[in-house]
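*Asks:* fold the following for me, if possible:
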Amino acid sequence: MNWQGDCGAYTVLIDGKPVNSCMMLAIEGVDKKITTIEGLEKAHIQKAFIDHWAYQCGYCKPGFIMNCHALIEHHPNADDEMIDRWLKLNLCRCTGYQEIKAAVKAVLFGG
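*Replies:* Here you go, the predicted model:
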């Protein structure tokens, strides 16, 4: 059980910003725009994750996709250092993050 919210697997967007939903009370979501992974069905980052083999077991991927989508939306000129900082907000035991970073860069820079 995760009592610190450090895995990032339950990330949602609250008014466009990534938040660990497991660390907030339901009442904190009142009158807020909440986007879950289902709300990003047509987001470019979803296809980029597939194209760059950024899926492993799938447990943490919704959180990564939510966080990466927010990064792309808020920092369209993100450099490698910023991408690395944002990726550290999620934990994954299955990957070395290279494929995820490649997916983010593909969306940011059209690669």
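
*Asks:* what is whichever helix or strand I50 is part of packed up against?
*Replies:* Assigned by DSSP states H and E, I50 falls within helix 44-51. Applying 3 or more CB pairs under 8 Å, 6 or more residues apart in numbering; DSSP states H and E, one finds that helix 44-51 contacts helix 61-74, helix 98-109. In this view, the C-beta of every residue, glycine as well, is placed from N, C-alpha and C.

*Asks:* which one of these is the most hemmed in?
*Replies:* Counting by mean count of other CB atoms under 10 Å, helix 61-74 has the highest mean neighbour count of the helices and strands packed on helix 44-51, with a mean of 22.

*Asks:* restricting to C-alpha, output that one in PDB.
*Replies:* Only the C-alpha atoms of helix 61-74 are listed here, as PDB (Å, rounded to 0.1, in the frame of the first residue of the first chain):
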ATOM      1  CA  LYS A  61       1.400   3.900 -17.500                       C
ATOM      2  CA  PRO A  62      -1.900   5.800 -16.900                       C
ATOM      3  CA  GLY A  63       0.000   8.000 -14.400                       C
ATOM      4  CA  PHE A  64       2.900   8.500 -16.700                       C
ATOM      5  CA  ILE A  65       0.600   9.400 -19.600                       C
ATOM      6  CA  MET A  66      -1.300  11.900 -17.500                       C
ATOM      7  CA  ASN A  67       1.900  13.500 -16.200                       C
ATOM      8  CA  CYS A  68       3.600  13.500 -19.700                       C
ATOM      9  CA  HIS A  69       0.400  15.100 -21.200                       C
ATOM     10  CA  ALA A  70       0.600  17.900 -18.600                       C
ATOM     11  CA  LEU A  71       4.300  18.400 -19.200                       C
ATOM     12  CA  ILE A  72       3.600  18.700 -23.000                       C
ATOM     13  CA  GLU A  73       0.700  21.100 -22.400                       C
ATOM     14  CA  HIS A  74       2.500  23.400 -19.900                       C
END
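
*Asks:* can you tell me the average pLDDT over it?
*Replies:* For helix 61-74, mean pLDDT is 97.

*Asks:* related to what we said a few turns ago, Throw the helices and strands packed on helix 44-51 into TSV and include distance to K33, thanks.
*Replies:* Converted to TSV, the helices and strands packed on helix 44-51 look like this (distance: least, CB to CB, whole Å):
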stretch	distance to K33
helix 61-74	13
helix 98-109	22
